[in-house]
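**Student:** need a 3D model of the sequence below.
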Amino acid sequence: MRPIIEFCASNMHHGTDAVMKKLEDNPDYDVIEYGCLGNCGECYLFPFAMVNGEIVAAETADKLFDEISKKIKEVEEIYDMFGD
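**Tutor:** Modelled structure (predicted):
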């Protein structure tokens, strides 16, 4: 299963653009940028992204990358246990 990682263009002021570019280098991920993800409260306050539809947030963009990586591992483990 390919994780889908979604970013909000309005959140890039937190440095998430660098995180997005780093994740785009991995051909196993689907990375998508939207103009708005409809999470304006989160978008204004801190770096965030969505991994398979779930919000992942952190205090900094570097920490966001780590949190996204953790979430991807969780998703992959669940898929390995219950997937096809």
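**Student:** ok, which stretches of the chain are helices?
**Tutor:** Secondary structure of the chain (DSSP state H): helices at 16-24, 40-45, 61-82.
**Student:** just so I know, which of those helices lies nearest residue 1?
**Tutor:** helix 61-82 (4.6 Å; CB to CB). No exception for glycine: its C-beta is placed from N, CA and C like everyone else's.
**Student:** so which bits of the closest one are buried?
**Tutor:** Along helix 61-82, these residues count as buried under the neighbour rule (16 or more other CB atoms under 10 Å): 61, 64-65, 67-68, 71-72, 75.
**Student:** now it: mean pLDDT?
**Tutor:** Helix 61-82 shows a mean pLDDT of 93.
**Student:** any idea how far that helix is from the chain center?
**Tutor:** 9 Å (CA atoms, centre = their mean, to the nearest Å).
**Student:** just the CA trace of it, in CSV.
**Tutor:** Written as CSV, here are the backbone C-alpha positions of helix 61-82 (Å, rounded to 0.1, in the frame of the first residue of the first chain):
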residue,chain,number,x,y,z
ALA,A,61,9.0,21.1,10.2
ASP,A,62,11.9,18.8,11.1
LYS,A,63,9.8,17.1,13.8
LEU,A,64,6.9,16.9,11.3
PHE,A,65,9.1,14.8,9.0
ASP,A,66,9.8,12.5,11.9
GLU,A,67,6.2,12.2,12.8
ILE,A,68,5.1,11.5,9.2
SER,A,69,7.8,8.8,9.0
LYS,A,70,6.4,7.2,12.2
LYS,A,71,2.9,7.4,10.9
ILE,A,72,3.9,5.7,7.6
LYS,A,73,5.5,2.9,9.6
GLU,A,74,2.3,2.4,11.7
VAL,A,75,0.2,2.3,8.5
GLU,A,76,2.5,-0.2,6.9
GLU,A,77,2.5,-2.4,9.9
ILE,A,78,-1.3,-2.4,10.1
TYR,A,79,-1.5,-3.1,6.4
ASP,A,80,1.0,-6.0,6.7
MET,A,81,-1.1,-7.5,9.5
PHE,A,82,-4.5,-7.2,7.9
